[in-house]
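Asker: Sequence and computational prediction follow.
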Amino acid sequence: MATKYFLGAAVAALLIPQPAWAAEVDDGGVEGVIVTGTRSPEGVDAAKVGASVTVITPEQMQDRQVRLVSDVLRDVPGFAVSRTGAIGGLTAVRVRGAEGNHVLTLIDGIEAADPFQGEYDFGQLLSDDVARIEILRGPQSALYGSDAIAGVINYITPTAAEQPGGRIRVEAGSHRTFGGAARYGVVLGPLDLVLNADVQTTDGYVMQTLPGGRRKVGSELENFGAKAAYDVSDALRLRGVVRYTNTHAETNSSSFGRGQVDSFGSYSDAVSLFWFGGADLKLLEGAWTHSLSIQGLDAERNGYSANRRSSGNEGVRTKASYATTWRVETGDLVHRLTGAADWEKETYQNTSPPSAGADTTRRSIENTGLVAQYDLEIGDNAGLGGAVRHDANDFFADATTWKAHAFYRFNDMIRLRAAAGTGIKNPSQTELFGFNATGPFPFRGNPNLKPETSRSWEVGADLSFADGRVRLGATYFDARLDDEIFTYFGGAGRPTTCPAPPANASTACNREFKSKQHGVELYGDVRIVESLTLSGSYTDLSAKENGLEEIRRAPHIGSANLTWRPLDGRATLNLNVRYNGRQLDSNFSGIAAPFPASLPDVKPATGANAGKVVLPSFTLVNVAASYDIDDHVEVYARVENLLSDDYYEVFAFPTDGRAAYVGARVKF
């Protein structure tokens, strides 16, 4: 579908880079300019944002040898990641106890969520060695509209000016895994051009919960991209991005009452084309900035059973945006007034074959959003700001969201911050119109669904001492979600406003009670000596729905990273430890207790949680090492799950044991 568009768009892409790039900081650091925390074309200093900000730097990505972006997100405070088994499996990221579709994901500023699914699948995103990730936690709907209830993740690849030259990486390892990446960036006068490619293939492992399973579940992932900028003058830049992803992931079907079984010929294919084009203009010596852009996504996903297509969907998004900022400086005061307008159209269709009983009507929804934002800086010691957004939707009622933040720096050691706001999430195509009208388990849509809405606030403190060699931080957050959308399977618990589905069918409903999340996030990093650093994070979370603990959101999650650079920095050793506490999950597999021996320590939940399962806690230890042979050649190796811990992130989807990889990187 997308290959012919990819080739044409690669030739046509002329774009400006992101308006600003942040300085490199450690997890939880609050220094440098970020582009995600504001609608202003000029970006914002992260140290002057009251909300919680994390920046994952290219250096950290290389030290930990990140190959899947979702893996490094496990080190971010407030994040819970769950993948359905092997590489390429559906991967959800939950922030501060919210749902996976409550975080807005951007790739080089492009909205990445599948328009049909309403959520981005992180199983598709391979990591560029020199990319960075900006993360803003807390409600951001006042800036970005629907999806940004719990925060924003912006995966940003560098321009040629920031990372010039070429890089080639090849590696191989366990399960007949082979991977490679190539990147080349060049600056030719006013033109900045980058081409990059990432591929990975693996035979996978036997992903089986029941005795007798033999089938290995593998995958093939491909990411290709181009990014360009052209300086028309000192005041005007053109910019653009095009990105193509192709994911082939084998799956094992589930048979209710038996769990996973070998199902040869079962797999899914997902293809996406992302594109972006825009222009930035600076007037009055940079005091008045403008940004005009258009972007889009064309996504297609198909599922296969016994080598026959059994399901499918398509989604297309087109979005146009304009933002302008007027900056006024009077003494120690800096005022920024920003206005923005977004127009977005999403078109989606269930393309499953007739045998699936799908509603294949092609539908479209349009939305227009208007944003007003104000930020005030009082020297380097204090600041405040806020934003209001009004969304007019041709399917749902209009919605208005807001956010506010403030910070105060007592001295070089102590900085206090606070933020609050509201968020909104529109129902997905499936929730509104259903997926299959017939079959053994039909799901009927509910076109009367209301968007989910939230209110939340946070307070935090950042400490820096020992000449900046030690940095610590803590945040308390509290959130309330109204009208949460859930799947009703029949029986007790149907809201009075939700129409009853036919017998043996399910449907989507809005809950009549609130879901509540609150908790504490801690982070810290210490430069013990110049060549040795230690960083870590911990989250204590309470996420409850009608007083019951939510699934796949462990109350306790933590990580630690120890990095040593001996031999005058030519070598790097990284020890990464990730802890995930015990958590609940649904038992959709139908496996009855007592569970087979292949499900170590998994137990049925009791009491009010009866019908669910309790997944045990686990600790993953990863070790990575690299050595620079010279200025151009580097060799490296890593071992994942060094202790070969048995664990489950999703019930009935076994995870991998110990795996080792070796590779080399050439820079020119």
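Answerer: The structure has been received and is ready for your questions. Please read all numbers here as calculations on a predicted model, not as lab measurements. Numbers count the residues shown, from 1 in each chain.

Asker: From the opening residue of stretch 582-600 to its closing one, how far?
Answerer: 13 Å (C-alpha to C-alpha, to the nearest Å).

Asker: So for that stretch, what gets flagged as buried?
Answerer: Of all the residues in stretch 582-600, those buried under the rule 16 or more other C-beta atoms under 10 Å are 583-585, 587, 589, 591, 595, 599. All C-beta atoms are positioned from the backbone trio N, CA, C, and that covers glycine.

Asker: Look up how far residue 434 lies from residue 586.
Answerer: 20 Å (C-beta to C-beta, to the nearest Å).

Asker: which of the buried residues of stretch 582-600 has the weakest pLDDT?
Answerer: Within the set of the buried residues of stretch 582-600, pLDDT is lowest for residue 589 (79).

Asker: Doesn't it belong to a helix?
Answerer: No. Applying DSSP: H, G, I helix; E, B strand; the rest coil, one finds residue 589 to be coil, outside a helix.

Asker: Surely it and residue 260 touch.
Answerer: Yes. Counting by C-beta atoms under 8 Å, residue 589 touches residue 260, with 6.8 Å between them.

Asker: Which neighbours in the sheet does the helix or strand residue 368 falls within have, and how are they oriented?
Answerer: Residue 368 belongs to strand 363-378 when assigned by DSSP states H and E. Applying DSSP bridges, strand 363-378 is found paired with strand 333-350 (antiparallel), strand 382-393 (antiparallel).

Asker: Can you show me the CA trace of the shortest one as CSV?
Answerer: C-alpha atoms of strand 382-393 as CSV (Å, rounded to 0.1, in the frame of the first residue of the first chain):
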residue,chain,number,x,y,z
ALA,A,382,10.2,31.9,38.8
GLY,A,383,7.6,31.5,36.2
LEU,A,384,4.0,30.5,35.5
GLY,A,385,1.8,29.7,32.5
GLY,A,386,-1.4,28.2,31.2
ALA,A,387,-3.3,27.2,28.1
VAL,A,388,-7.0,26.9,27.1
ARG,A,389,-8.1,24.8,24.1
HIS,A,390,-11.6,24.5,22.5
ASP,A,391,-12.3,21.6,20.2
ALA,A,392,-15.2,21.6,17.8
ASN,A,393,-16.0,18.0,16.6
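
Asker: and residue 358, what helix or strand is that in?
Answerer: Per DSSP H and E, there is no helix or strand for residue 358.

Asker: what residues are up against it?
Answerer: 311, 350-352, 435-437 (C-beta atoms under 8 Å, 6 or more residues apart in numbering).

Asker: So which of these are in strands?
Answerer: With DSSP state E as the criterion, strands contain 311, 350 from among the contacts of residue 358.

Asker: Greatest separation within the contacts of residue 358: which pair is it?
Answerer: Maximum pairwise distance in the contacts of residue 358, criterion C-beta to C-beta, is 14.9 Å, between 351 and 437.

Asker: These two: who's more crowded?
Answerer: When neighbours are counted by other C-beta atoms under 10 Å, residue 351 and residue 437 differ, and residue 351 comes out ahead with 18 against 15.

Asker: contacting residues around that one?
Answerer: Residue 351 touches 300, 302, 312-314, 358, 360, counting by C-beta under 8 Å, 6+ apart.

Asker: ok, now residue 456?
Answerer: Applying C-beta under 8 Å, 6+ apart, the residues contacting residue 456 are 96, 138-139, 420-423, 477-480, 517.
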